[in-house]
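K.L.:
Could you work out the structure for the sequence below:
(chains A, B, C and D)
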2 protein chains.
Amino acid sequence: MNYPTPADDGAKDDGAAPASTLGPPADGRATRWASHREERRSELIRAARRAVHRLGPDVPMEDIASAASTSKSVFYRYFRDKAGLAAAMGELVLAQMQERIAEAAAAAPSPYDGLRSMVHAYLAMAARSPNVYEFVTRGPGGAAADPAGGSVAGAAFGSFFDAVGAMIESPMRRHLDPGSQATLDYWPCAAIGLVRSAGERWLTTPPSPDKPSLDDMASLIADWLYGGIAAQAGLAVVRAPLPAAKEHP
Amino acid sequence: MNYPTPADDGAKDDGAAPASTLGPPADGRATRWASHREERRSELIRAARRAVHRLGPDVPMEDIASAASTSKSVFYRYFRDKAGLAAAMGELVLAQMQERIAEAAAAAPSPYDGLRSMVHAYLAMAARSPNVYEFVTRGPGGAAADPAGGSVAGAAFGSFFDAVGAMIESPMRRHLDPGSQATLDYWPCAAIGLVRSAGERWLTTPPSPDKPSLDDMASLIADWLYGGIAAQAGLAVVRAPLPAAKEHP
DNA sequence: CAAGCGTACCTGATACGCTGGGTATCGTGA
DNA sequence: TCACGATACCCAGCGTATCAGGTACGCTTG
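P.N.:
You can find the predicted model right below:
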């Protein structure tokens, strides 16, 4: 017997709309659980995040469940599958990331500085828990988080990188004339790829005196990115002289 | 009972050295198979490539084997595991790619054109068989082809992207002063990530009038890459006029 | 109005099916 | 004797099914 709300792992439903615009019944027995479910769901996500952080990105569902001191069945009632859990976790991580970026962006007037702080936030997130980062990005099955927007069978799982891409795209629109549509379509994705690839290599580089710091790495990457796009955006390639000093007059 | 040559899937051994530098006996019964093995091995790789091309990147080993009209055990004698097969296949694909690049690079004097032809070759390879591309890059398990050079437990499987990275790095050395070590270390990897990400998105974009052609895409990507690195390399951003005559003089 | 029964839903546990990677065993041919 | 190649097998891990509790809600009944 399936539960009436199988596992709506899109989490698209808003927070607190108990029961007023509903048609006929509004049965209290049914609505009673709405808030509970939501709370439990995020609790499960947090527990899973901890488990992945400690046990690695390949931890089986059963171990995740027992780390949350419950059993698989609960997780499979709240998330369609392991990829669904990963996606939900990605949203959480990304939301935290967005907070940090919003702070940083407020203090960074130029587009270049905005870009750099985004890269910085991304790198910092990944470095804080590589296991969680890997679980969220590469997905459990390996096919979850492809950089391509749409799966063949319009399954539309808004995965981690799609969200990041959207985050990049909107500020870009203001600096790029609408003629270059292809750039607008492909650059965010390309930029993510660059950051991801360089970032992951940086992450797995063993610490050594030669290894760049997080700040250095963020600047390096932002330079590459910015140099590549600035010409098309018609922006002067004036960069702030790097973290230590402030920007040009 | 293990075979004396379990499955040396590194394929680091050179092409045609049958048996001469071996130590004591050079038993005819033992050496008889050397050339056979080698031949069979590449035959298996080609068959697997065909199978993956037709059946998709998630095809099970058993189906690969039967598509090669043999059985799993043969593959597992020639390759340590599925990832080993993928790596071997990657080497083959990459070797073919390198040929095409060598041709193109010969006709392209400027660094920019060299870069663009590399991107073009990469994209063309991916577009020719997306299934094979995916199998080779993302690897079967999902963890095989990470952009990071070394695994934690120095397993050193020289995977696809490592080889591509090396291919980029050597020409770069000539244009970049040795002061910027970090750039030399991380840029090839970063560039691959950009190409990969944008390329994969382009690959999976359904054909439409707005979709850029392969040539356009290669130019677009090369521009981004080149703009990002040219400043550090101290190169003028002079580009060859491009096939289809793009904008920005 | 309150006691009581049925209802709707959640929980956590165990057990199962199934896919697919990798291995061991065996007969066969040069 | 050696490698070959097919079959049968083991096992991890995802996802599903089933079941016995447990708790708040709501409808009935006295």
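K.L.:
Check whether the nearest residue to residue A:205 once chain neighbours are set aside sits in a helix, strand or coil.
P.N.:
Using C-beta to C-beta, 6 or more residues apart in numbering or on different chains and skipping residues adjacent in sequence, the residue nearest residue A:205 is residue A:211, 5.4 Å away. C-beta coordinates here come from the backbone N, C-alpha and C atoms, glycine included. Under DSSP: H, G, I helix; E, B strand; the rest coil, residue A:211 falls in the coil class.
K.L.:
Just confirm residue A:55 contacts residue A:65, I think it does.
P.N.:
No: using C-beta atoms under 8 Å, residue A:55 is not in contact with residue A:65, being 11.8 Å away.
K.L.:
Give me the more crowded residue out of these two.
P.N.:
residue A:65 (20 against 14; other C-beta atoms under 10 Å in any protein chain shown).
K.L.:
Quick one: residues contacting the more buried one.
P.N.:
By C-beta atoms under 8 Å, 6 or more residues apart in numbering or on different chains, residue A:65 lies in contact with A:71-72, A:74-75.
K.L.:
In chain A, where is pLDDT below threshold?
P.N.:
A:1-25, A:28-29, A:142-158, A:178-179, A:228-249 (pLDDT under 70).
K.L.:
show me where it has helices.
P.N.:
For chain A, applying DSSP state H gives helices covering A:28-31, A:34-55, A:61-67, A:72-78, A:82-106, A:111-128, A:130-138, A:160-175, A:181-204, A:214-233.
K.L.:
Throw these into JSON lines and include distance to residue B:137, thanks.
P.N.:
Output for the helices of chain A, formatted as JSON lines (distance: least, C-beta to C-beta, whole Å):
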{"stretch": "helix A:28-31", "distance to residue B:137": "47"}
{"stretch": "helix A:34-55", "distance to residue B:137": "24"}
{"stretch": "helix A:61-67", "distance to residue B:137": "27"}
{"stretch": "helix A:72-78", "distance to residue B:137": "30"}
{"stretch": "helix A:82-106", "distance to residue B:137": "19"}
{"stretch": "helix A:111-128", "distance to residue B:137": "20"}
{"stretch": "helix A:130-138", "distance to residue B:137": "12"}
{"stretch": "helix A:160-175", "distance to residue B:137": "16"}
{"stretch": "helix A:181-204", "distance to residue B:137": "12"}
{"stretch": "helix A:214-233", "distance to residue B:137": "21"}
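K.L.:
what would the ones you listed look like in a markdown table with distance to DNA strand C?
P.N.:
Formatted as a markdown table, the helices of chain A follow (distance: least, C-beta to the nearest atom of the strand, whole Å):
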| stretch | distance to DNA strand C |
| --- | --- |
| helix A:28-31 | 4 |
| helix A:34-55 | 4 |
| helix A:61-67 | 7 |
| helix A:72-78 | 3 |
| helix A:82-106 | 13 |
| helix A:111-128 | 27 |
| helix A:130-138 | 17 |
| helix A:160-175 | 25 |
| helix A:181-204 | 21 |
| helix A:214-233 | 33 |
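K.L.:
Out of the ones you listed, which is closest to DNA strand D?
P.N.:
Closest to DNA strand D of these, according to C-beta to the nearest atom of the strand: helix A:28-31, at 2.2 Å.
K.L.:
ok so, going back, quickly list what's touching both of residue A:55 and residue A:65.
P.N.:
Counting by C-beta under 8 Å, 6+ apart, residue A:55 and residue A:65 have no shared contacts at all.
K.L.:
Enumerate the positions of stretch A:120-132 that are buried.
P.N.:
Neighbour-count burial for stretch A:120-132, with 16 or more other C-beta atoms under 10 Å in any protein chain shown as criterion, is recorded at A:120-123, A:125-126, A:129, A:131-132.
K.L.:
ugh, typo on my part, it should be stretch A:177-192
P.N.:
In stretch A:177-192, residues buried by neighbour count (16+ other C-beta under 10 Å) are A:180, A:183, A:185-192.
K.L.:
again with stretch A:167-178
P.N.:
Result for stretch A:167-178 [16+ other C-beta under 10 Å]: buried residues A:167-169, A:172, A:176.
K.L.:
So that stretch, near chain B or not?
P.N.:
No: using C-beta under 8 Å from any C-beta of the partner chain, stretch A:167-178 stays clear of chain B, with a minimum separation of 10.5 Å.
K.L.:
Chain neighbours aside, what residue packs nearest to residue A:56?
P.N.:
What sits nearest to residue A:56 in space, not counting adjacent residues and going by C-beta to C-beta, 6+ apart, is residue A:131, at 5.3 Å.
K.L.:
In contact with that neighbour, which residues are there?
P.N.:
For residue A:131, counting by C-beta under 8 Å, 6+ apart, the contacting residues are A:52-57.
K.L.:
now, the most widely separated pair of these?
P.N.:
Between any two of those, the greatest separation by C-beta to C-beta is 11.2 Å, found for A:54 and A:57.
K.L.:
picking up where we left off before, and the residue nearest to residue A:205, its phi and psi?
P.N.:
Dihedral pair for residue A:211: phi -70, psi 130, per degrees, to the nearest 10.
K.L.:
Could you measure from it over to residue A:220?
P.N.:
Residue A:211 sits 12 Å away from residue A:220, going by C-beta to C-beta, to the nearest Å.
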